[in-house]
Structures are given as structure tokens and as C-alpha cells.
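1. sequence unavailable; structure follows:
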């Protein structure tokens, strides 16, 4: 396998599948030159995000298909774009190839990335392939957003309603099923949890729709766990946050019960659900949530409020107790 | 060291040094959100490139300073932007941190990247930091270029003059000095070779200037070695290429002599000189080269011509012999 042959095969995947996507993008020059070129929208801001994923840290090459690894990596980046209220446009991919990797495996990895990319109108326009001691993927996605629709994580205000675009914990439940084959759970719940972990769907349409409302103040995605990410949002906004209730996905509940652990931990600290966390002007919440449900057929779920201060807390009886963020610190030794 | 503390320290470096750079960039939102945001120029195309560098493959963490590693990684990406005729604007950085890496080392790495970035007006706007089995860096740089100035590698035409923006081989000579401490060479030549390897300067001004001429047809940078890169340019352009002479840097000559090898090999196959390779309309070459020298105080060096076909060849006496590209294949096991 030489670099040029592999790139030619990848180009085939990317260009083949792009033809099935939702129409042409303003790409002037794609894979094969020193850089790719495109015409950015004249009326929009551009946004950019980068995420690296390493075998043994973010995924397990021995227990996941290449297609799953590719899908998850691209989904994580597209989700970051969604969290800005933006539309993803293009991606570049840096791939480190571990010793012994086979061409078929690498092409399946690109198929995984290309599938989810194309379904969101994202063109893979370039990248870099190199040897590495372990498989590693670094994806950069560029998107576009109207200046007034850009949503930051530091724009939350005290008394805002905090809401999420879906129930939480299913992705972590799927990870537990992969880690422990002895967890015994109904087949539909098993499938639901594995699907949440293996092929998560970033909330691009929901993010763009929410960002179009002036009543949506702050937005970010829930990739490192609600406790970690809501903590970050509140801190960036100079606020505290009180979680009144944690919406737990049915599959998370089923897997946690079977594993004998508290499903609330999956939902609070699990991460990688890729739901969006938004903070909303209190008076506007009910109407916005109603329109959201009409539009997307799912609830915009209120989970608490931003407070003037007090760190991150969770309702307990008549009071509230502090939460220690127990999500993902990318430099910590283990996922706690 | 936690992720958030490290990011705060990196932010300090990036924002401190950016204030010393050549004026503000249209960055709306930098490090710290799900994505960074900027206002692209309304009259330009955007360009994007990604390069990954892995310890033990592209650099040697045990024999190079963190600052050097950072400089080289950023320079390689900025050079790809220069090769399009574009101006680099912003960068994102994905960093994989090896076990045992110290915070001071990581901050020095960022200082290396930030120094060369700021000197070209590039703002580091975001990225990702994670654990990894070996230090790995993946940098993405976005730039801007007028549509008519975009220069591709596939636009060369038969009979074009092929030229490079500087002599070649010094970077490879520097690598040889690092690999073999017994090579005995004059101090000024040693310094010159090491500087070429450790702190290469991408040809951004030269690239933008050349791209402004309609007589410059194809352009790319010489990062993987002249034999590899000119071969790629010629093939992409549907041409062959005949190299008439190889301009060898003085330091490459001195080190090769001391090491008992042919300096021409350093210049032809060494790579990482980051000079630009351009192909120019034959009639226009003399005048363009004269203006180039006036502008930059260095020669635009003619090295051969594009031909209708014939692959990549080098002049030998009255004839020419084929060259086997012996530069860098990123998936090959060794640098030949």
C-alpha cells in the first residue's frame, strides 16, 4: 500500500458518495493539492473545530468496526459545529496509520466518516495520511453561520432555563455493553444503546433552528458528559447551574439496571450523547419548546436553571447538593 | 496538569504573542468554545490544509527541542498555504500528549508554533488536547486568496520553465548532522544546515507575489523532496519534467562532502526545504526572475522544463536519465 494509491482509493469513496449528498457545495479544489479551496458565503461567518481521536483513548480498534470509529469521529466534530448554530460545510482528515493496518480497514474508516459527513452536506476536501504508533484521527470541520445566529457557551444569563435536545446516557450504556458482554438486557434496549454509542447523530438541524431564536442565549454540545459540559457553560457565562431533573434515556435505564449501577450516573457523567445544551430566556421557554416539538417530533427537555452563582448543583429533596464534574478530562489517566 | 489548566496556559501564550503580531485578524471567537469563528474576506476564496506530525516518524522528541518541533510543524502547514498563492489567516492544533510529557515542554511546543504563526499573521484559534501513546500534532491552517491568484499543482503546461525559490538540500543536511554527531563541518555551514532543518521559513511572501502573475501556471511546495514533488506536479499537469540542473545549498554541499555522500541526493530527495516549485510561461521567465530578484534579493532559480511526456528525467551529458522519486512516502517503512 503506497500513500498515492491509498489516496486515490479514498478519493473514490469521497467523490462517489458526495454525488449522493444533498447537492453541490462551493468547493473549488478538493483532495490532491497542497490545500483545498472553497468559496465561503459572503453573508456568513465561518466557524472551525478540530477533534483528535486516538486508539485506546477514544475508541477501541479491537472492539469496534472501522466504520463505527469513522462515524463517531466525524459526528463529534459535526456536533461542535451544530453547537455554534452553524451549518457544517467541509472537513479535512489527518490519519495516522498503525503498523499492520490493512487497506480495507482504512477504506471502511473513510466510508464511516464519509457516510455521516455526506448526510449533513459536508464534503471531505483533504487531509494527510502518515504512519503512527497507534491509529489516530484528527478531523477539522468548517461551517458557516449568520453572525446573529452564532451561539457561544459564555452567553448564558442567570435565571435562564437550561434544556437539552434529548435524553441522556444511552451512549455510555452502549459503551458498557461493549466492555462487558455479560450484561443481560432486552434486545431492543441493547440495540438502542449500541446505536447511540456507535452511530450518534449530531443535532445539526436542531442547533440551527434553536440558534435562529434570540431567546436562545448559550449553546454547547454535551460531548464530555452533562456534569462537565454544563459546568463549563455555567462557568464561562459567569453563572452557577442547578439541575432540577436528569432526563435518562430508556436504554441507559435498562442497561444500568442490568449492570446494577445508577442510571443517573450514565446520564450525568457519561458523555458522547451529542445532545445540545441550551439556555433560554425563561418567559420564552414554553413557546419555544412547543414549537421545537412540533418541528422535530421530540421534546426540548428542561433540566434546570442558571443561577447567579453557586457552582454546579443538583436538586435533592427540598435542597440541592454540589456536583463534582466527573466527565471526561482528556489528560486525566482514566475515565472516572 | 489538567486539561483546563493547560488550555488556560496555552491561551496565555497565544494571546500574548498575538498582540505582537502584524495587526488584528477578523477573529470573532477564539479558543474556548465548541468552535472558533471568523469573518472570511468577502472577495477571496478560502483555502485549508492539514498536516499531521508524529514523534518518531516526522520528528525526534529526544533530539529536538519542543520549540523546534512546534516551529517545523506550523511551518509545514503555512508552506502549503503559501504554495496556493494564499495568505495564511488562522490555525487549529490537535495535540496528542505522550505519557510523561511535562507542562513546560508542551508550552514550549506552543511557543514554537505561535512564534512562526504570529510572524506570518496567523492566529491560533482553537484545537484539541488529548492523551496519546506518542506525541502527535495535527495542524490545520486556513488562508485566503483571490480567485485569480489561486495556484494549483495541475496547471503546468509543456515547455513551461520549472523554477524554485531557493537552493535545496540544507534541511536534509541538518537532519544528517542531528543523526550523526561525527560529521565534521565548518561552524557556519553547521549552523546554516541546522537552521534550515530546525526553523525553516515558509515562502509566503514569495508565493503570494508569484501567484499574482498570470505567467505562473502551477505552484507547489517542495516538502517531500524535489524528485517526489516535481514528479507529482508534472503528473498532475499531464506532463513530464526534465531537470537540467539541481541548485544545491552551500551547507548541503559542505555536509554531504564531510559525510562522503553526493550532495545532489540531499537536494533531489531530501525534502523539507519548503521552497516553492513554480512553472512559468517560457517567454515570461527572464523578466519575472529579474523582478523576483529585485523584490526578494534572491534568485528565482530555473531548474528545468516541463515536457509533453517522458516522466521525470534529469540531464546527463547530452542525454537524460529517468529519476526514481526517492522522497518521502508517508506510508513507506523508511525514508529511503
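-> Received the coordinates, thanks. Quick caveat: nothing in here was measured; it's all calculated off a predicted structure. Residues are numbered from 1 along each chain as shown, chains lettered A, B, ... in the order given.
2. lowest average confidence across helices and strands of chain A, where is it?
-> helix A:3-18 (a mean of 75; mean pLDDT, DSSP states H and E).
3. got the contact list for whichever helix or strand comes after that one?
-> Proceeding N to C from helix A:3-18, the next assigned helix or strand is strand A:27-29, under DSSP states H and E. Defining contact as Cβ atoms under 8 Å, 6 or more residues apart in numbering or on different chains, one finds that strand A:27-29 is touched by A:35-39, A:90, A:123, A:125, B:45, B:47, B:147, B:150, B:152. For glycine as for every other residue, the C-beta is placed from the backbone atoms N, C-alpha and C.
4. so how far is whichever helix or strand comes after strand A:27-29 from its chain's centroid?
-> Per DSSP H and E, the first helix or strand lying C-terminal to strand A:27-29 is strand A:36-38. Its chain's C-alpha centre and that of strand A:36-38 lie 25 Å apart, by Cα atoms, centre = their mean, to the nearest Å.
5. list the helices and strands strand A:36-38 packs on?
-> Helices and strands touching strand A:36-38, by 3 or more Cβ pairs under 8 Å, 6 or more residues apart in numbering or on different chains; DSSP states H and E, are strand A:27-29, strand A:87-97, strand A:123-131, strand B:45-54.
6. the second one close to chain B?
-> Yes - judged by Cβ under 8 Å from any Cβ of the partner chain, strand A:87-97 comes into contact with chain B at A:90, A:92-97.
7. can you give me the mean pLDDT across that strand?
-> On average, the pLDDT along strand A:87-97 is 94.
8. give me the mean pLDDT for the helix or strand following it.
-> Remark: after strand A:87-97, the chain's next helix or strand is helix A:103-119, criterion DSSP H and E. Throughout helix A:103-119, pLDDT has a mean value of 93.
9. list of residues touching helix A:103-119?
-> When contacts are defined by Cβ under 8 Å, 6+ apart, helix A:103-119 is touched by residues A:1, A:6, A:9-10, A:13-14, A:17-18, A:20-21, A:65-75, A:78, A:88, A:91, A:93, A:95, A:97, A:123-124, A:137, A:139, A:199, A:202.
10. pull out the buried members of the residues you listed.
-> Among those, those classed as buried by 16 or more other Cβ atoms under 10 Å in any protein chain shown are A:6, A:9-10, A:13-14, A:17-18, A:21, A:66-75, A:78, A:88, A:91, A:93, A:95, A:97, A:123-124, A:137, A:139, A:199, A:202.
11. now the residues of strand A:87-97 next to chain B in TSV, with distance to residue A:156?
-> Shown next, in TSV, are the residues of strand A:87-97 next to chain B (distance: Cβ to Cβ, whole Å):
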residue	distance to residue A:156
A:90	30
A:92	31
A:93	33
A:94	33
A:95	37
A:96	37
A:97	42
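12. related to what we said a few turns ago, so which of the helices and strands packed on strand A:36-38 gets nearest residue A:220?
-> strand A:87-97 (15.9 Å; Cβ to Cβ).
13. what lines up beside the closest one in the sheet?
-> Sheet pairing of strand A:87-97 (DSSP bridges) gives strand A:123-131 (parallel), strand A:136-145 (antiparallel).
14. that strand: how far from the chain's middle?
-> The chain centre lies 15 Å from the centre of strand A:87-97; the measure is Cα atoms, centre = their mean.
15. then stretch A:114-123?
-> In terms of Cα atoms, centre = their mean, the centre of stretch A:114-123 is found 14 Å from the chain centre.
16. do you know the pLDDT at residue A:155?
-> 96.
17. what's near enough to touch it?
-> Contact analysis of residue A:155 by Cβ under 8 Å, 6+ apart lists A:217-218, A:237, A:279.
18. if you set the cut-off to 10 Å instead, what comes out?
-> Going by Cβ atoms under 10 Å, 6 or more residues apart in numbering or on different chains, residue A:155 touches A:216-219, A:233, A:236-237, A:279, B:33.
19. next step: the residues you listed restricted to helices.
-> Mapping the contacts of residue A:155 onto helices (DSSP state H) picks out A:233, A:236.
20. following element in sequence after whatever helix or strand residue A:196 lives in, please.
-> Using DSSP H and E, the element containing residue A:196 is helix A:187-198. Later in the chain than helix A:187-198, the nearest helix or strand by DSSP H and E is helix A:204-211.
21. follow-up on the earlier one: I'd like the contacts of strand A:27-29 as TSV, with distance to residue A:60 appended.
-> Listed next are the contacts of strand A:27-29 as TSV, based on distance: Cβ to Cβ, whole Å:
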residue	distance to residue A:60
A:35	33
A:36	31
A:37	37
A:38	35
A:39	40
A:90	29
A:123	29
A:125	29
B:45	40
B:47	36
B:147	45
B:150	42
B:152	40
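22. just the buried members of these?
-> For the contacts of strand A:27-29, buried by 16+ other Cβ under 10 Å: A:35-38, A:90, A:123, A:125, B:45, B:47, B:150, B:152.
23. start from the N-terminal end of the stretch 201-336 of chain A and give the strands.
-> Using DSSP state E, counting those that start in this stretch, the strands of the stretch 201-336 of chain A run over A:216-221, A:240-243, A:276-280, A:301-307, A:312-316, A:319-322.
24. quickly compare these and say which is most buried.
-> Of all these, strand A:276-280 carries the top mean neighbour count, a mean of 29, counting by mean count of other Cβ atoms under 10 Å in any protein chain shown.
25. just the angle between it and helix A:204-211, please?
-> Here the directions of strand A:276-280 and helix A:204-211 differ by 10 degrees (axes from the mean of the first three to the mean of the last three Cα atoms, to 10 degrees).
26. which elements pack onto strand A:276-280?
-> Judged by 3 or more Cβ pairs under 10 Å, 6 or more residues apart in numbering or on different chains; DSSP states H and E, strand A:276-280 is in contact with strand A:161-164, helix A:204-211, strand A:216-221, helix A:226-236, helix A:285-296, strand A:301-307.
27. so it versus helix A:226-236, what angle?
-> Angle between the axes of strand A:276-280 and helix A:226-236 is 40 degrees (criterion: the same axes, to 10 degrees).
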